[in-house]
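Enquirer: Predicted model follows, preceded by the sequence.
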Amino acid sequence: MKPFSVKERLQSFKYAWRGIRVAIWQEHNFRIHLLAALIVIVTGFYFEISNTEWCWIVLAICIVFTAELFNTAIEKLVDLKSPEFDPLAGKIKDIAAGAVLVSALSAAIIGLLIFWPYIEDIS
Ligand SMILES: Nc1ncnc2c1ncn2[C@@H]1O[C@H](COP(=O)(O)OP(=O)(O)OP(=O)(O)O)[C@@H](O)[C@H]1O
């Protein structure tokens, strides 16, 4: 086993950040999720939501980003291994996209449950 190296550990953060940047610049959906997250964060500050509500919002945002990152990785892997049309490759991509949809829907429900009472209060 290689000896522990702080330099190598820091290097792995650099690679992870590079992966996130690839997803941001190459995936339109990722940018849409980023914009949605920004709107939700600004709205959270506007309504001065509680710490517990912030926890749910942060969790919801992170789940969507994580699903989108895995989806991007799976898409790239499929494109690498199966650049030609293949029904199984299509199914794999559809399933990965399904995971993003499930995470985005659950985030939308969390957002509604948290913000609806505040919206009702001002209307
Ligand atoms: N090699 C393939 N073989 C068969 N079907 C594929 C293949 N590649 C993509 N598809 C089908 O096309 C759909 C879209 O694939 P694509 O790679 O363009 O991703 P996408 O959903 O457009 O993602 P993004 O817009 O984030 O790049 C897939 O979900 C799948 O149904």
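Expert: Noted; the coordinates are in hand. Numbers count the residues shown, from 1 in each chain.
Enquirer: Check the offset of the host helix or strand of Ile61 from the chain's centre.
Expert: Here Ile61 sits within helix 51-81, counting by DSSP states H and E. Helix 51-81 sits 3 Å away from the centroid of its parent chain (CA atoms, centre = their mean, to the nearest Å).
Enquirer: got it, and stretch 43-54?
Expert: Here the centre of stretch 43-54 is set off from its chain's centre by 20 Å, with CA atoms, centre = their mean.
Enquirer: what's the burial count for Gly111?
Expert: Gly111: 19 surrounding residues under other CB atoms under 10 Å. For the C-beta atoms, the positions are set from N, CA and C on the backbone; glycine is no exception.
Enquirer: Pick out the residue in this protein sitting closest to the ligand.
Expert: Nearest residue of the chain to the ligand (CB to the nearest ligand atom) works out as Gly90 at 2.7 Å.
Enquirer: Neighbours of that residue, how many?
Expert: Gly90 is flanked by 12 other residues according to other CB under 10 Å.
Enquirer: From Lys2, how far out is it?
Expert: Distance, Gly90 to Lys2, using CB to CB, to the nearest Å: 40 Å.
Enquirer: same thing with Ala99?
Expert: Ala99 sits 34 Å away from Lys2, going by CB to CB.
Enquirer: The protein against the ligand: which residues are in contact?
Expert: Selection of the chain residues close to the ligand by CB under 6 Å from any ligand atom yields Glu27, His28, Asn29, Glu75, Ser82, Phe85, Asp86, Ala89, Gly90, Lys93, Asp94, Ala97.
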